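In: Model the structure of this input:
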Amino acid sequence: MNKVNVLFFASLRERAGLKQTTLELQQGASVKDLKGALKEKYPSLTPALEASLVSVNREYAFDEDTIPEGAEVALFPPVSGGARAVQFPTIFAITDDELDLDSLVARITLSSTGAVCLFTGVVRGFTARDNPHQTEYLEYEAYRPMAETKMRQVADEIRQHWPSVEGIAIVQRIGHLNPGTPTVLIACSAAHRDTGIFEAARYGIDRLKEIVPIWKKEVGPQGEVWVEGEHTPHREG
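Out: Numbering: from 1, shown residues only. Okay, here's the model as predicted:
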């Protein structure tokens, strides 16, 4: 038998009622076979499985692909697009491109949306607090696969704490960024402004800086230094 670890994210996690499980499959079983086993074990997953995305050992996989021994399999809904994404759009990305704030806000604005709270971080040319200094530019780096997974976790946590939030966008720009350049965007949309979206956006940026593997090197007249945080991850978050 082939024992695999199966991870559930976002709406599939809620349908299954757990974050992960272990399945025993026949040797040579395919992704399609795994879906069949999941339908039997967790019938509540059935309506979502056909449209779900699957990764095997952190690479996208398809129905005909064979699952290797001891693989890590993840199931999750599409990042954007599809009926559920139109209802509850969730955007998260690591990008080298300039952040188009208006476009991102438009993508999480629904016909029911009456308020959007947006936070964007910007590269400072001069820091007055703590150790005053000038910055010529920042160099951002990210561990992309894990960073996007953790961004999804942040979005899930926002929805758990503030169920009235409709759309969420979490986008980080990386690379060489000069002063005045937007570096990160956290945006939450909802029907009304008094639904917690201010707090949700604040939570989003604070949580991103805690658990999402993104680093920045600050370069200025004084030299260059990697800016490191102080948060130590725990097993449950």
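In: Just after whichever strand or helix holds residue 155, pick out the following helix or strand.
Out: Assessed by DSSP states H and E, residue 155 sits inside helix 144-161. Sequence-wise, the next helix or strand downstream of helix 144-161 (DSSP H and E) is strand 168-173.
In: Spell out which strands sit alongside that next one in the sheet and which way each one runs.
Out: strand 90-95 (parallel), strand 182-190 (antiparallel) (DSSP bridges).
In: Buried residues, the first one. List them.
Out: This points to strand 90-95. Using 16 or more other C-beta atoms under 10 Å as the test for burial, strand 90-95 gives 90, 91, 92, 93, 94. Bear in mind the C-beta positions are built from the backbone N, C-alpha and C, glycine included.
In: can you list contacts of it?
Out: Here strand 90-95 makes contact (C-beta atoms under 8 Å, 6 or more residues apart in numbering) with 10, 79-80, 104, 107-108, 142, 144, 147-148, 151-152, 154-155, 167-174, 214.
In: now for the strand or helix carrying residue 141, which elements pack on it?
Out: Following DSSP H and E, one finds residue 141 within strand 137-142. Packing contacts for strand 137-142, counted by 3 or more C-beta pairs under 8 Å, 6 or more residues apart in numbering; DSSP states H and E, involve strand 168-173, strand 175-177, strand 214-220.
In: All the helices of this structure, residue numbers only.
Out: Applying DSSP state H to the chain gives helices spanning 10-16, 31-41, 46-49, 82-87, 101-107, 144-161, 197-211.
In: Does anything pack onto the first one? Which helices or strands?
Out: By that I understand helix 10-16. Partner elements for helix 10-16 (3+ C-beta pairs under 8 Å, 6+ apart): helix 46-49, strand 72-76, helix 144-161.
In: quick one: strands adjacent to the second one?
Out: On the basis of DSSP bridges, the sheet neighbours of strand 72-76 come out as strand 2-8 (parallel), strand 53-56 (antiparallel).
In: Those strands: which one's closest to residue 27?
Out: Closest to residue 27 of the strands paired with strand 72-76 is strand 2-8 (C-beta to C-beta; 5.4 Å).
In: Keeping just the C-alphas, turn the closest one into PDB.
Out: The C-alpha trace of strand 2-8 is given here as PDB (Å, rounded to 0.1, in the frame of the first residue of the first chain):
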ATOM      1  CA  ASN A   2       1.000   3.600  -0.700                       C
ATOM      2  CA  LYS A   3       0.500   5.900   2.300                       C
ATOM      3  CA  VAL A   4       0.200   9.600   1.400                       C
ATOM      4  CA  ASN A   5      -0.400  12.800   3.400                       C
ATOM      5  CA  VAL A   6      -3.300  14.900   2.100                       C
ATOM      6  CA  LEU A   7      -3.600  18.600   2.800                       C
ATOM      7  CA  PHE A   8      -6.800  20.600   2.500                       C
END
